[in-house]
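have a look; sequence and predicted model below, questions after that.
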Amino acid sequence: MSGFQLPPIFDVPALSTIERATVLDALFEPCTALHTLSLDLLHTEKFESYYDLIASVGVQLIDLSESLSTSDTEWLDNILGAHPRLGEKKVESAQSQAEQAQLNTGGEEEATKLRNLNAEYEKTFPGLKYVVFVNGRSRPVIMEDMRSRIDRGDIKLERAEAIKAMCDIAADRAVKLQQH
């Protein structure tokens, strides 16, 4: 995906299904469940900006989170779970690799602590991975946030925070991936 640039926003509805999926993958993370949810939206809606597109996908995710249907919740968790674990060595998307690079600068002790926090988080919130917009924050600050979210133990709030983080990350990526 390196060197990938987002097409002009007004071209998105006319893109092929594969090209629209590539746009979603670049903004969010590669995820079949997100394709199923949002590919049609990108085909039928006209957006003024990538920010508008991301906000519309965010609304779809919020709708899933507010649904009483178990299958909607599982679907949402699949999408939220597509994000790589924080601090993981093998990360699929070029965007996540770049975003997480600064988190992999601490020593082995910190890396172990982060792995343990990831495991505890996923045990507390089955089906989810901790998603946060790192945005230049240090590993200790991120781990403190993760710890407080685990201690809070509120799955609904967790999904809401993950949706917001995914949209913040996507907005940041959109700026970096647009043609200049």
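Thanks, I have the structure now.

which residues does Ser38 contact?
Contact analysis of Ser38 by Cβ atoms under 8 Å, 6 or more residues apart in numbering lists 24, 57, 60. (C-beta placed from N, C-alpha, C; glycine too.)

please apply the same query to Leu64.
Per Cβ under 8 Å, 6+ apart, neighbours of Leu64: 37, 72-73, 75-76, 79.

hang on, it is in a helix, isn't it?
Yes - under DSSP: H, G, I helix; E, B strand; the rest coil, Leu64 falls within a helix.

find the nearest non-adjacent residue to it, please.
Spatial nearest neighbour of Leu64, chain neighbours left out: Leu76 (4.0 Å); criterion: Cβ to Cβ, 6 or more residues apart in numbering.

the strand or helix carrying the one you found: which residues count as buried?
Take DSSP states H and E as the rule and Leu76 turns out to sit in helix 70-80. Buried residues in helix 70-80, counted by 16 or more other Cβ atoms under 10 Å: 73, 75-80.

test my guess that the residue nearest to Leu64 contacts Ser65.
Yes - with contacts counted by Cβ atoms under 8 Å, Leu76 reaches Ser65, the gap being 5.6 Å.

okay, and the common contacts of those two?
Contacts common to Leu76 and Ser65, judged by Cβ under 8 Å, 6+ apart, are Arg159.
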